[in-house]
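Predicted model and sequence follow; I will ask about them next.
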Amino acid sequence: MANSKKPGGLREMLESMYSVIALLFILVACVELCDAAAAVDVYRLIQYDMSGSPFGSRFAALNHHAASLHFPPGVDLSRTVLIIPLRELNITFVREYINQKNPLGGLLVLLPEVLSFKTGGNKQVHEKEKMKNLLAELERLLVHSNIPYPVYFAFENDEIDTVLADIKKNDLMGQPATATTGGYKFVIPTTEPKKVASPTMTNIQGWLSGLKTDGDANQLPTIAIVASYDTFGAAPALSVGSNSNGSGIVALLEIARLFSLLYSNPKTRGRYNLLFGLTSGGPYNYNGTQKWLRSFDQRLRESIDYAICLNSIGSWDNELWIHVSKPPENAYIKQIFEGLSNVAEELDLKVGLKHKKINISNPRVAWEHEQFSRLRVTAATLSELSVTPELLESTGGLFDTRQYVNETAIVRGVKLVAESLARHIYGHQGKNIQIFADESSLAVNPAYIRSWLDVLSQTPRVAPFLSKDDPFVMALKKELAGHVDEVNVQHETLEGIFTFYDSTSARLNIYQVASVTFDLLLLLVLGSYLIVLFSFLVITTRGLDDLISLFRRPPSRKLKTA
Amino acid sequence: MTMFHFFNCAILTFGPHAIYYSATPLSEYDTLGTSVKAALVYLGTALVKLVCLATFLKVSENDGFDPYQELLKAVIGFIDVAGLYFALTQLTHRNISQNHKFQAVGLGWAFADSVLHRLAPLWVGARGLEFTWDFILQGLEANANLVLSISLAALGSLMWLRKNKPKTLIPIIYACAGIVATMPSITRSLSKARIGMALPEGGRLRTVHVFEYGFH
């Protein structure tokens, strides 16, 4: 019995060993490593459809060799990624390339590190204007083209600079990628981009009630202050829109704070309600503002005396513009303009009036006040822009970063709007009374403006990629709620002519690869080495005759059978 | 393609062992059992050395050359020699001549060394897209190690298995054995001087050296 147990036990042990070995093999086969020479965060060009026509970069995944602008002429680039730093970018070359629909494996544009909101910080930008114009042009070109290959943006750092230098060196020598000269392969392993299903726009409104005395049977008049908070740019993951419209948002928040201080005391509460609106859907013909206004009660809409919309007030020197759609001779417009100009004179700055008629049949809405005007509410937009922006322009692009915004400009803008509002509310028109004087308890707080501007300059805010309960939107709501009596949030779907696709950022892996010829060559070398080793060992240990006999065996067998 | 590279490096690392076995008369005398036993002894030796290193060696903060530590590593290297002694003399071998015994033991020893030190980095690293010269260097190192092991086994057999040694050669034999036994330490200190000048990127060579440090 002991004997029969032993082989059975041994068999069991062997079987368990086999299963362990099998498991080990499976585990080992599953080992996948990321062992790239460098890994970089990259941000994809926006992909969207407008009225069914495709725009932007239509692909996301990338798996090609890299080349720089010094590529040898005449070479086929359809399986190559071009890596171009911004300082070497020739916009005409890119424009021709895209317009002629030349095939390309992919495009990677390297932006200077100062523009990065994660690492650039507050460093100064050299040649600001030149970079701004170049970026604006590049953005305009890329956003309005249909590009059938992936386009990505990345920030320069030491790793990618060394890779780029290596690539340039190889291209200049005209050498194809080999093991020793370092051919590089760019791999971005993402899935195909999908449509963003029912993108939401979230409008936040804050209501500050005015003082209702017993004699007032009707509703108090209302003044609305509105700013749109979302952005649109070539790289949605980088569209922080510090000026368009971060400046408008911080100005609105500061005005809300100042008036909440005034309205907290019933003795200084004005006889006007104040309605603050942070709207979404700005770049898309102010779609969100339209939906927000449509949701109003008819009485409320009629009670709005006028609305002031804030748009890009962050980088002006001495002149601001008031854009209106009603003719300047209109009494209400005159009142608004005079109020603002009087305060402007005292603050030593200029305001100009710009009139642009609205065409009801044209769906294009260039300014936010036009949405008010279409519903017969008097409104004006205060902006530093003198020219009406085109569709998807001045909506917070690649160049709209913190370095391009001047907080003193915002402070002056807030003073201008707050003073003129206060004079209208408290009936001090024409009188030289400074309510929000410096050094008073109602002074405009530059630190508040600066801190909110910094936060906004680090938050990309493209509406389709902001979910319903996005933390930033909730933060805005909470901040506004701290200043006003009542806050309401309205969620709407961004429908209409725009469709967006996801996959806005990814991780690029840069591998240094050897060509197939190298592997074959190596195999050849190794094969010959092993053969030589074999013959050497046979000759030294068994003698030359044995080696020869290895090859002579089959014929001798044949002889035997025959 | 990357499996191709793995295949190339694998045949460079393990091919010579198989070739050695089949090309020499070892295969005719069926000495596989001896090699397997030697491989198992190597495994045991490696574990003992690991424990000794962990117990006695201090982790140095700076990369400086500490002679005391290096001496300790060399002494622990002699555990290698002890293991080889055990494999050559204490294991029961079938009737194979001394000549073939040391070859078989050396082969088994070198094969276990290669598998233990080089298989895992090879599997994990060579299959990626990234190309480095590390694995080819590793393969060449495996080849050198084969020669080293067989020569060490030969010297060992001369010292312990041969009863009638010529008197004049005895000190030379022992000196050679000492040098060969401490060869890993010598190569490591030489390579440290080289690596101090230029450390390749990727860190895989570093990993290989960590393995070396761990097991030698």
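Looks like it came in fine. Numbers count the residues shown, from 1 in each chain, chains lettered A, B, ... in the order given.

longest helix in chain B, by residue count?
Longest helix in chain B by number of residues (criterion: DSSP state H): helix B:134-160.

Quick one: mean pLDDT for the next helix or strand after it?
Once the chain leaves helix B:134-160, the next helix or strand it forms, by DSSP states H and E, is helix B:169-181. Regarding helix B:169-181, the rounded mean pLDDT is 75.

Report the secondary structure state of A:Ile433.
coil (DSSP: H, G, I helix; E, B strand; the rest coil).

Ramachandran coordinates for it?
phi -120, psi 130 (degrees, to the nearest 10).

thinking again about what came up before, buried residues in the longest helix of chain B?
In terms of neighbour count (16 or more other CB atoms under 10 Å in any protein chain shown), helix B:134-160 has its buried residues at B:134-136, B:138-139, B:141-143, B:145-146, B:148-159. To be clear about C-beta, it is placed using only N, CA and C from the backbone, and glycine gets the same treatment.

Skipping its backbone neighbours, what lies nearest the residue in chain A that chain B sits nearest to in space?
Using CB to the nearest CB, the single residue of chain A nearest to chain B is A:Leu537, 3.6 Å away. Among residues not flanking A:Leu537 along the chain, B:Ala23 sits closest, at 3.6 Å (CB to CB, 6 or more residues apart in numbering or on different chains).

The residue in chain B that chain A sits nearest to: neighbouring residues, count only.
Of all residues in chain B, B:Ala23 sits closest to chain A, at 3.6 Å by CB to the nearest CB. When neighbours are counted by other CB atoms under 10 Å in any protein chain shown, B:Ala23 registers 23.

What helices and strands are in contact with the helix or strand A:Gly339 falls within?
Element membership of A:Gly339 [criterion: DSSP H and E] is helix A:331-346. Secondary-structure packing of helix A:331-346 (3 or more CB pairs under 8 Å, 6 or more residues apart in numbering or on different chains; DSSP states H and E): strand A:304-311, strand A:319-324, strand A:350-355, strand A:379-383, helix A:407-426.

ok, and for the third one, which residues are buried?
This means strand A:350-355. Buried-residue list, strand A:350-355, by 16+ other CB under 10 Å: A:Val351, A:Leu353, A:Lys354.

Next up, the contacts around the closest residue to the last one other than its chain neighbours.
Just to be clear, that refers to A:Lys354. Excluding the flanking residues, the one nearest A:Lys354 by CB to CB, 6+ apart is A:His323, at 4.8 Å. Counting by CB atoms under 8 Å, 6 or more residues apart in numbering or on different chains, A:His323 touches A:Lys354, A:His355, A:Lys356, A:Trp367, A:His369, A:Ala380, A:Thr381, A:Leu382, A:Ser383, A:Thr388.

check contacts around the nearest residue to A:Asn99 once chain neighbours are set aside.
Of all residues not flanking A:Asn99 in the chain, A:Ser145 sits nearest, at 7.8 Å (CB to CB, 6+ apart). Remark: with contacts taken as CB under 8 Å, 6+ apart, A:Ser145 is in contact with A:Phe55, A:Gly56, A:Ile98, A:Asn99.

Now do whichever strand or helix holds the third one: distance to the chain's middle.
Assigning secondary structure by DSSP H and E places A:Ile98 in helix A:91-99. Using CA atoms, centre = their mean, to the nearest Å, the mean C-alpha position of helix A:91-99 is found 23 Å from that of the whole chain.

could I have it exported to CSV, CA atoms only?
Provided in CSV are the C-alpha atoms of helix A:91-99 (Å, rounded to 0.1, in the frame of the first residue of the first chain):
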residue,chain,number,x,y,z
ILE,A,91,2.6,79.5,-41.9
THR,A,92,2.6,79.6,-45.7
PHE,A,93,4.2,76.2,-45.9
VAL,A,94,1.6,74.7,-43.6
ARG,A,95,-1.3,76.4,-45.4
GLU,A,96,-0.1,75.2,-48.7
TYR,A,97,0.4,71.7,-47.4
ILE,A,98,-3.1,71.6,-46.0
ASN,A,99,-4.8,73.2,-48.9
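
ok, which stretches of chain B are helices?
Counting by DSSP H, the helices of chain B are B:2-23, B:32-56, B:67-85, B:98-114, B:120-126, B:134-160, B:169-181, B:183-195, B:204-215.

Give me whichever of those is most buried.
helix B:98-114 (a mean of 24; mean count of other CB atoms under 10 Å in any protein chain shown).

From the chain's centroid, how far away is that helix?
11 Å.

Stretch A:349-363 too?
Using CA atoms, centre = their mean, the offset of stretch A:349-363 from its chain centre is 29 Å.

Would you mind listing what in the stretch 251-400 of chain A touches chain B?
Proximity of the stretch 251-400 of chain A to chain B, by CB under 8 Å from any CB of the partner chain, involves no residues.

list the contacts for the spatially closest residue to A:Ile313 that is not a sequence neighbour?
Once flanking residues are discounted, A:Ile313 sits nearest to A:Gly413: 4.1 Å by CB to CB, 6+ apart. By CB under 8 Å, 6+ apart, A:Gly413 lies in contact with A:Ser247, A:Ala251, A:Leu310, A:Ile313, A:Trp316, A:Leu320, A:Leu382.

ok, and the most crowded of those residues?
A:Ser247 (32 neighbours).

quick one: which helix or strand includes the nearest residue to it once chain neighbours are set aside?
In space, and not counting its chain neighbours, A:Ser247 is closest to A:Gly314: 3.1 Å by CB to CB, 6+ apart. Counting by DSSP H and E, no helix or strand carries A:Gly314.

Need the pLDDT of A:Gly314.
90.

Quick check: phi and psi at it.
According to degrees, to the nearest 10, A:Gly314 has phi -110, psi -10.

Confirm for me that A:Ala366 is in contact with A:Pro389.
Yes - counting by CB atoms under 8 Å, A:Pro389 is a contact partner of A:Ala366 at 6.3 Å.

neighbour count winner among these two?
A:Ala366 (21 against 16).

near chain A, which residues of chain B?
Counting by CB under 8 Å from any CB, chain B sits next to chain A at B:1, B:4-5, B:7-8, B:11-12, B:15-16, B:19-20, B:22-25, B:123-125, B:127-133, B:136, B:201-202, B:204.

All set, thanks.
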